[in-house]
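1. got a structure for you, letters missing:
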């Protein structure tokens, strides 16, 4: 089957893309508005943008459901403060991460709603998630509008990793981290880790 995605409805093309580009890491983004209200939301359009200087990238789509046609709180908050935190999601935090993804009123604090603990960051105003073993504090570099979405690029200004997840020599314990991956409407736990080439049995 050959398909020109440009001929499809947005939802159809989206389902084919997100069902094929898998697994995707999840950026659990904590932000704050100018009044100090916290927001926490996951995004699976997430990757490293630059190694020098170190930068990360997330893509934020438009509001959905009852909030269709609006700008997501995460994007609005990043525009206001020009700061945000990306927390990494181990599989053990899957349920609270999913809880924080629910559509709630703007004034709702997703940290409290999902039973999580905000911890003061070192270099930026938005808090990090205490329960997350790895967090990146970022300052906004650039927001680029691409079609219906917004690509947000941030400079990493501080990095936090729990001691139990650090192997030394700048290496992360991937097996202990067991990061959660986003598929289409489902998730995967990255636990079967190996090197290539694989040896023949």
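-> On my side now, so go ahead. Predicted model only: the values in this text are computed from it and were never measured.
2. residue boundaries of the helices in the protein?
-> 10-20, 73-81, 94-100, 110-113, 174-177 (DSSP state H).
3. Neighbours of the residue nearest to residue 109 when sequence neighbours are not counted, how many?
-> Excluding the flanking residues, the one nearest residue 109 by C-beta to C-beta, 6 or more residues apart in numbering is residue 38, at 5.0 Å. No exception for glycine: its C-beta is placed from N, CA and C like everyone else's. By other C-beta atoms under 10 Å, 18 other residues sit near residue 38.
4. you'd agree residue 38 is up against residue 125?
-> No. Residue 38 is beyond contact range of residue 125, at 10.3 Å (criterion: C-beta atoms under 8 Å).
5. what residues do the two have in common as contacts?
-> Counting by C-beta atoms under 8 Å, 6 or more residues apart in numbering, the residues touching both residue 38 and residue 125 are residue 32.
6. Which residue comes closest to the residue positioned nearest the centre of the chain once chain neighbours are left out?
-> Geometric centre of the chain, nearest residue: residue 27, 1.3 Å, by C-alpha atoms, centre = their mean. Nearest residue to residue 27, sequence neighbours excluded (C-beta to C-beta, 6+ apart): residue 46, at 3.8 Å.
7. so the one you found sits right up against residue 24, yeah?
-> Yes. Under the criterion of C-beta under 8 Å, residue 46 makes contact with residue 24 at 6.9 Å.
8. Which strand residues bridge residue 87?
-> residue 28, residue 135 (DSSP bridges).
9. gap between it and residue 14?
-> Look at residue 87 and residue 14: by C-beta to C-beta, to the nearest Å, they are 25 Å apart.
10. Show me the shaky parts of this structure.
-> 65-69, 201 (pLDDT under 70).
11. just the strands in it please.
-> 24-25, 27-32, 38-43, 46-51, 54-60, 83-88, 118-119, 128-129, 134-146, 149-161, 166-168, 171-172, 180-182, 187-189 (DSSP state E).
12. picking up where we left off before, show me the one of the helices of the chain that comes nearest residue 134.
-> helix 174-177 (7.3 Å; C-beta to C-beta).
13. With adjacent residues omitted, what lies nearest to residue 48?
-> residue 56 (6.1 Å).
14. Identify the bridge partners of residue 181.
-> residue 25, residue 188.
15. Would you mind confirming that it makes contact with residue 18?
-> No. Assessed by C-beta under 8 Å, residue 181 is found out of contact with residue 18, at 11.8 Å.
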